[in-house]
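Asker: Give me a model of this one.
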Amino acid sequence: MVAPEARASRPALGRWSERAVAAIQSNILWVLLGVYVVAGVLPGIGLAIKKLQIGSVGLFGERPVALSLTNLLLASMLFTAGLGVSLRDVRGIFQHPRLLAAGVLANALMPVLFLALLSLVLQKVLAGSVDTALRSRRRQASLHERSVD
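Answerer: Okay, the predicted model is just below:
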């Protein structure tokens, strides 16, 4: 909370932005729904933001990476999330290396296992529908041959 005397000395823009941030935070669900509606109705705005490039950065002689607005938003989000992590928690992770390894392994393997399972299920489902379609087509062809004869 800002002291009243400090608030009085701030420019009007600062007070306006504080009120706007407070309003957005208290109505974040409605703000998100509104943004999704706008994105659904006017997708060109999001596509223009996606294509917007501010420059590029190449470190250590590697191929330069484009600095797009989406990359900068992701970087700022990850940086802000990193600021919220306490050092005690980070030390705790490294004190239990087996738990860390299990978490990394699970994050790597779960998508692979999910896709493998999904492909097996889809093969069974699609194989059955392909067999049904082929049988139906053969029946139609045989009926057509009989009607021609």
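Asker: can you give me the strands in the protein?
Answerer: Using DSSP state E, the strands of the chain run over 53-57, 65-68.
Asker: Figure out which of those is closest to Trp30.
Answerer: Trp30 sits nearest to strand 65-68 of all these, at 28.2 Å, using Cβ to Cβ. The way it works is simple: take the backbone N, C-alpha and C, and place the C-beta from them, glycine included.
Asker: now the helices for this protein?
Answerer: Applying DSSP state H to the chain gives helices spanning 4-9, 12-26, 28-41, 43-51, 69-83, 87-95, 97-148.
Asker: how much does the longest one deviate in direction from helix 87-95?
Answerer: Our comparison of helix 97-148 with helix 87-95, counting by axes from the mean of the first three to the mean of the last three Cα atoms, to 10 degrees, yields an angle of 80 degrees.
Asker: Please state the offset of helix 97-148 from the chain centre?
Answerer: 26 Å (Cα atoms, centre = their mean, to the nearest Å).
Asker: Who are the packing partners of it?
Answerer: Packing partners of helix 97-148 (3 or more Cβ pairs under 8 Å, 6 or more residues apart in numbering; DSSP states H and E): helix 87-95.
Asker: Low-confidence regions, this protein specifically.
Answerer: Along the chain, segments meeting pLDDT under 70 span 1-13, 128, 130-131, 148-149.
Asker: Of all the helices of the chain, which one is nearest Leu59?
Answerer: Closest approach to Leu59 among the helices of the chain (Cβ to Cβ): helix 69-83, 14.0 Å.
Asker: How about residues contacting the closest one?
Answerer: Outside helix 69-83, the residues that touch it by Cβ atoms under 8 Å, 6 or more residues apart in numbering are 49-50, 52, 54, 65.
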